[in-house]
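Q: only geometry, no sequence info:
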């Protein structure tokens, strides 16, 4: 993928990238029926498709096929984008491209899922796409369940049923030596040597702060108080709290 320059006959090294202002102007023209603007939008967002399909290239699928399917998602995003809402096109376009690719992978999967579960999954995906089209953001599981008038658990089970499984023995890296598989990457993310050392390093970095800075960070990030609430408790202005907070975080980063 990284070494491939042409995908579907398109020279990826020469793809045009549109600025945010250009994208919005073309979207407004395309919404008014300007087909030339629509074509410019497609050509100017092909890099967005490329960035998305890179997440799916380790599944053994043909890159050209993924690119074409991703372009279908891009076109759907362009045709359904609401220019009246203050949302960047990429925020709406990426989920649409991902959804189209996942639908393609699901329909071509060798795993068999029960008809009722598959039907529920299709309804969930349709409700999700409709919600994204109307609100320009992804719905939560609870919102989907409310729209379809089903239990939250049914939504979760249906989505899990259509997720492509990954073998523990699937290679993720092989460069002239021993192959690294998914199994080699599975670990306990909580109780590790790295986590233990990070906690020690963080504790030492915190100890290097002043008492006031430690108190401010504790109130802000462990007790969840706002800067105004902290300023009232510590007895200084909100601006001073903000300055001390930024300085403390900067010092911690430097020490870490």
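A: Perfect, I can see it now. Model, not experiment: these values are computed from the prediction.
Q: Show the contacting residues for residue 104.
A: 65-66, 69 (CB atoms under 8 Å, 6 or more residues apart in numbering). Heads up, the C-betas are built off the backbone N, CA and C, glycines and all.
Q: and of the residues you listed, the nearest to residue 83?
A: Residue 83 lies nearest to residue 69 out of the contacts of residue 104, by CB to CB, at 25.3 Å.
Q: Name the helix or strand for that closest one, please.
A: Residue 69 belongs to helix 63-80 when assigned by DSSP states H and E.
Q: Which positions in that helix come out as buried?
A: Across helix 63-80, burial judged by 16 or more other CB atoms under 10 Å covers 63, 66-67, 69-78, 80.
Q: what ranges do the strands span in the protein?
A: 6-7, 10-11, 171-173, 180-181 (DSSP state E).
Q: distance of residue 32 from residue 134?
A: 20 Å (CB to CB, to the nearest Å).
Q: the more surrounded of these two?
A: More neighbours surround residue 134 than the other of residue 32 and residue 134, with 12 against 9 (other CB atoms under 10 Å).
Q: Can you read off the pLDDT for that one?
A: Looking at residue 134, its pLDDT stands at 84.
Q: where's it relative to residue 54, distance?
A: 29 Å.
Q: domains in the chain, as residue ranges please.
A: Using automatic domain parsing, the domains assigned to the chain come out as 1-111, 115-163, 193-255.
Q: which of those domains has the lowest average pLDDT?
A: Among these, domain 1-111 carries the lowest mean pLDDT, a mean of 81.
Q: how far is it from where the chain is centred?
A: Centroid displacement of domain 1-111 relative to its chain, using CA atoms, centre = their mean, to the nearest Å, is 15 Å.
Q: For this protein, just list every one of the helices.
A: Secondary structure of the chain, counting by DSSP state H: helices at 20-31, 35-44, 46-53, 63-80, 89-107, 115-135, 141-148, 152-161, 182-185, 193-207, 211-217, 227-234, 238-255.
Q: ok, how many other residues are close to residue 121?
A: 21.
Q: Am I right that it is in contact with residue 159?
A: Yes: at 6.5 Å, residue 121 counts as touching residue 159 under the criterion of CB atoms under 8 Å.
Q: dump the residue contacts of the residue nearest to residue 55 when sequence neighbours are not counted.
A: Nearest non-adjacent residue to residue 55, counting by CB to CB, 6 or more residues apart in numbering: residue 98, 7.8 Å away. Neighbour list for residue 98: 52, 55, 73 [criterion: CB under 8 Å, 6+ apart].
Q: Number of residues surrounding the closest residue in space to the last one that isn't next to it in sequence?
A: What sits nearest to residue 73 in space, not counting adjacent residues and going by CB to CB, 6+ apart, is residue 100, at 3.1 Å. Taking other CB under 10 Å as the neighbour definition, residue 100 ends up with a count of 23.
Q: again with residue 206
A: Per other CB under 10 Å, the neighbour tally for residue 206 reads 16.
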